[in-house]
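Participant: I would like the atomic coordinates for the input below:
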Amino acid sequence: VSVGAYDAHMGAVGAEISPGTFVKIIGTSCCDVAVSPKDEIGEKLVAGICGQVDGSVIPGMIGLEAGQSAYGDVYAWFRDLLSWPLENLLSSALNKKEIDKAVDLIIPGLTEEAYRINPGESSLIALDWLNGRRTPYADQKLKGAILGVTLGTDAPKLFRALVEATSFGAKAIVERFSQENIIINQVVAIGGIPKKSPLVMQILSDVLNMPVKVARSEQAVALGAAMFGAVVAGIYKSVEEAQKYMGSGFEATYYPNKENASIYNALYARYRKLGNILEDELRK
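Facilitator: Predicted coordinates for the structure are as follows:
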């Protein structure tokens, strides 16, 4: 008998998760999934993450879950901020269809301009905690922040800083796993944003300084569930075998630019420092 499972866990299976692979399910928020053989993790409890359950992702392995409370929602917040005049001040001059069309162009336009900005070119550092922090060490009372705004700061620079912030948040999670000796060699991304935004994926690869693959399947969650169903039906002997024969592979791989990775390593240190200052201030 096959029963239900968590969507993120099945998405990780559909994305061909294995030890050393870190699957990021990126949408409005982000769910991260990793697996570790029992004999490697033993009885150790990985501190600061969301969940650690025997067999929750792949039978015989420990499933590890983390995540970010906001990812795409960070970008959507900025889009909505910029669209406020259109929707509230110009609604009498423009019809709704024209307004909606203009709003839909905001993120693509910002992305195009953000491509032209080099890492570290602006003085901006942002914190991605606009909806609190899920991992590491959950604290939903935390708030976002943007440091280094000047009169020369424009919308594309702010947008890029927000994209970098979500990547820095991802790096903090990978760092937490690494500190617990959970090996991560590559990232596999599924969801809408990985397929829509090469900019976000390239910055993520540069910040993490490791390859980021985008799963080919647009229905990785359903595919993972089908893999489990195939094992239960006796078509394959194990989840790993089902992944081998049913996996859809990857449509793109983003490799880190070493020069950018070095710059981002320094910017990440500033991100962590800003985060520590903000945490201390908010807890007073």
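
Participant: Give me the residues contacting stretch 58-65.
Facilitator: Applying C-beta atoms under 8 Å, 6 or more residues apart in numbering, the contact partners of stretch 58-65 are 8-9, 13, 17, 19, 31-38, 41, 46, 49-57, 177, 182, 238-240. To be clear about C-beta, it is placed using only N, CA and C from the backbone, and glycine gets the same treatment.

Participant: Now do the buried residues in it.
Facilitator: Ile58, Met61, Ile62, Gly63, Leu64, Glu65 (16 or more other C-beta atoms under 10 Å).

Participant: Which among the contacts of stretch 58-65 count as buried?
Facilitator: Buried among these by 16+ other C-beta under 10 Å: 8-9, 13, 17, 19, 31-36, 41, 46, 49-52, 56-57, 177, 182, 239-240.

Participant: Which ones among those map onto strands?
Facilitator: Among the buried ones among the contacts of stretch 58-65, the residues falling in strands (DSSP state E) are Cys31, Asp32, Val33, Ala34, Val35, Ser36, Gly51, Gln52.

Participant: can you pull the alpha-carbon coordinates of stretch 158-178 into CSV?
Facilitator: Presented in CSV, the C-alpha positions along stretch 158-178 are these (Å, rounded to 0.1, in the frame of the first residue of the first chain):
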residue,chain,number,x,y,z
LEU,A,158,18.0,47.3,-5.0
PHE,A,159,16.6,44.4,-6.9
ARG,A,160,20.0,42.8,-7.3
ALA,A,161,20.7,43.3,-3.6
LEU,A,162,17.5,41.4,-2.8
VAL,A,163,18.5,38.6,-5.1
GLU,A,164,21.9,38.4,-3.5
ALA,A,165,20.3,38.5,0.0
THR,A,166,18.2,35.4,-0.8
SER,A,167,21.3,33.7,-2.0
PHE,A,168,23.2,34.7,1.1
GLY,A,169,20.3,33.2,3.1
ALA,A,170,20.8,30.0,1.2
LYS,A,171,24.5,30.0,1.9
ALA,A,172,23.9,30.4,5.7
ILE,A,173,21.9,27.1,5.5
VAL,A,174,24.5,25.3,3.5
GLU,A,175,27.1,26.5,6.0
ARG,A,176,25.0,25.2,8.9
PHE,A,177,25.0,21.8,7.3
SER,A,178,28.7,21.9,6.6
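
Participant: quick one: average pLDDT of that stretch?
Facilitator: Here stretch 158-178 scores 98 as its mean pLDDT.

Participant: ditto for stretch 277-284
Facilitator: 90.

Participant: List of residues touching that stretch?
Facilitator: Against stretch 277-284 from outside (C-beta under 8 Å, 6+ apart): Leu127, Trp129, Asp139, Lys141, Leu142, Lys143, Ala145.

Participant: Repeat the analysis, applying 10 Å as the threshold.
Facilitator: Leu127, Trp129, Arg133, Tyr137, Asp139, Lys141, Leu142, Lys143, Gly144, Ala145, Leu147 (C-beta atoms under 10 Å, 6 or more residues apart in numbering).

Participant: Tell me which of these fall in strands.
Facilitator: Residues of these located in strands (DSSP E): Leu127, Ala145, Leu147.
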